[in-house]
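**Student:** sequence and predicted structure are below.
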Amino acid sequence: MKHSALSSLCALLIAGCAIGPDYQRPSLSMPEAWRSGTALPANEKPEELANLAWWKQLEDPVLDALVAEALANNRDLKIAAARIDEAAGQLGSTRAQLFPQFGASLGASRAQASNAGQTPIPATVNRVSNQYSAGLNVGWEIDLFGRVRRATEASQAELLGSEESRRGLALSLAATVANSYISLRDLDNQLDIARRTLRTREESLRIFELRYKGGVVSEMEVAQVRSELEAARIAVPTVEQSVAQQENAISALLGRLPGPITRGKTLAAMGLPLPPVSLPASVLERRPDIRLAEQNLIANNARIGVAKAAYFPTVTLTGLLGSSSVAFSNLFTGPARVWSYGADLAAPIFTAGAIGGQVQSAEARQVQALEQYRKSVENAFREVDDALVTGAKSREVVDGRIRQVDALNTYARAARLRYDGGYSSFLEVLDAERSLFQAQIYESQARGQALIAATTLYKVLGGGWQAATE
């Protein structure tokens, strides 16, 4: 009965009452519809989008391998993983305060007393003495008002927040690798266009120089062709420089030293991910940045309880069981046994507003975290709306650029035929070829931007991080 009563008392003391507000998720207003017209159903599970490795929709195995390598080797991601371990250690240290702390001690000392003091030691008394001790001690701060429990709640939220931070970094890393790779393939395409144009203009200059020698064309027309040739020649090293810099940027993301990057499909051959037919607002709850903001709010909410607990007394139980003797042979005998137990109560009486200031600071940090959480949610809706609109309009731009290139191809062929037939000057041919070259560059850029817009949509939805980034 005594043991049962003692257990019940301990359980009651541990349970106690936790000072401070319990966390409740803030209510938020949701949009009635996406501006793009995408359906926004009320009750639809977001797991399919959240677990989607969206970069695989580009259907390029080389890109898949690059993303996997970045997730495995990126330095920032390794740092974020180490921060999770740090937060886990902090949680363990904080939570340990809920339980009694046991310790052991074993000591031995030898000392000699002075015989030159006010009271001389008789010659028959040995001035050298030994002291041996051994003991077990226990200390326990009873968490009556929930200070340790609130601190543990905050530490747990910080641990979960560090995990969301790592996941958010992984998601951003995957998107950055995908977008950088798309930009690299766009630059490759532009370089190919510039080199083809350069070869065409070199051939044109060769023909015009022959015609000039034959007296068919003027020196002015040869100079015009040479000018266009040099413009194309300048474009080649300019794009080559951008290609090398882009490769180095991707290498850094992969945790490599600067170097070449393997190529896969061309821009035109890549699959273009289409937006979801319906997009529930609840999918945004899976975004790492929103979950991180909520964990920060939970932690700061719990810190209010930690601060308020300082108003109340703390109760600490202590105990000691051991032995002490001047002879080691008698250390573990009955006469050498020592023990003690006690309870300490400490309570603030007058702190000149110190505790009130700490509570005020904790409440202010909770308000900041609350507004940051709301801001994160609002920003998420804005980013998704922007991505939906950008994706739809970028596909329209690609279609328009393709039609423009087709029209300028026809124009360039017709201008060449009119010039060869003597119906127009060479300026018309130069204008057509210059416009075609620029339009081909714009088409390549538009394809890259459409692919980036598609991957950006899935990034802002928070998809792909739950499974692929573990």
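**Tutor:** Cool, the structure landed.
**Student:** where do the helices of the chain begin and end?
**Tutor:** Using DSSP state H, the helices found in the chain span residues 2-15, 47-50, 61-73, 75-95, 147-213, 219-253, 288-308, 354-420, 426-460, 465-468.
**Student:** need the ones you listed in TSV with distance to residue 281, can you?
**Tutor:** In short, each C-beta sits where N, CA and C put it, glycine included. Shown next, in TSV, are the helices of the chain (distance: least, Cβ to Cβ, whole Å):
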stretch	distance to residue 281
helix 2-15	39
helix 47-50	12
helix 61-73	28
helix 75-95	28
helix 147-213	19
helix 219-253	31
helix 288-308	12
helix 354-420	8
helix 426-460	13
helix 465-468	18
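**Student:** most packed of the ones you listed?
**Tutor:** Burial of the helices of the chain is given as mean neighbour count (mean count of other Cβ atoms under 10 Å); helix 288-308 ranks first at a mean of 23.
**Student:** show me what that one is packed against.
**Tutor:** Using 3 or more Cβ pairs under 8 Å, 6 or more residues apart in numbering; DSSP states H and E, the elements in contact with helix 288-308 are helix 147-213, helix 354-420.
**Student:** what angle separates it from helix 147-213?
**Tutor:** 150 degrees (axes from the mean of the first three to the mean of the last three Cα atoms, to 10 degrees).
**Student:** CA atoms only: put helix 288-308 into CSV for me.
**Tutor:** Provided in CSV are the C-alpha atoms of helix 288-308 (Å, rounded to 0.1, in the frame of the first residue of the first chain):
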residue,chain,number,x,y,z
PRO,A,288,8.3,22.5,-45.9
ASP,A,289,8.4,26.3,-45.4
ILE,A,290,4.9,26.3,-44.0
ARG,A,291,5.5,23.4,-41.8
LEU,A,292,8.8,25.0,-40.6
ALA,A,293,6.9,28.2,-39.8
GLU,A,294,4.3,26.3,-37.8
GLN,A,295,6.9,24.4,-35.8
ASN,A,296,8.6,27.8,-35.0
LEU,A,297,5.2,29.0,-33.8
ILE,A,298,4.7,25.9,-31.7
ALA,A,299,8.2,26.3,-30.1
ASN,A,300,7.6,30.0,-29.3
ASN,A,301,4.2,29.3,-27.9
ALA,A,302,5.7,26.7,-25.5
ARG,A,303,8.5,29.2,-24.6
ILE,A,304,5.8,31.4,-23.0
GLY,A,305,5.1,28.6,-20.6
VAL,A,306,8.8,28.3,-19.8
ALA,A,307,8.9,32.1,-19.0
LYS,A,308,5.8,32.1,-16.9
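**Student:** so what's the gap between that helix and the chain middle?
**Tutor:** Here helix 288-308 is found 18 Å from its chain centre; the criterion is Cα atoms, centre = their mean, to the nearest Å.
**Student:** grab the nearest non-local neighbour of the residue nearest in space to the middle of the chain.
**Tutor:** Note on the chain: the residue nearest the mean C-alpha position is residue 169, at 2.1 Å, using Cα atoms, centre = their mean. Among residues not flanking residue 169 along the chain, residue 80 sits closest, at 5.1 Å (Cβ to Cβ, 6 or more residues apart in numbering).
**Student:** which ones are touching the one you found?
**Tutor:** 162, 165-166, 169 (Cβ atoms under 8 Å, 6 or more residues apart in numbering).
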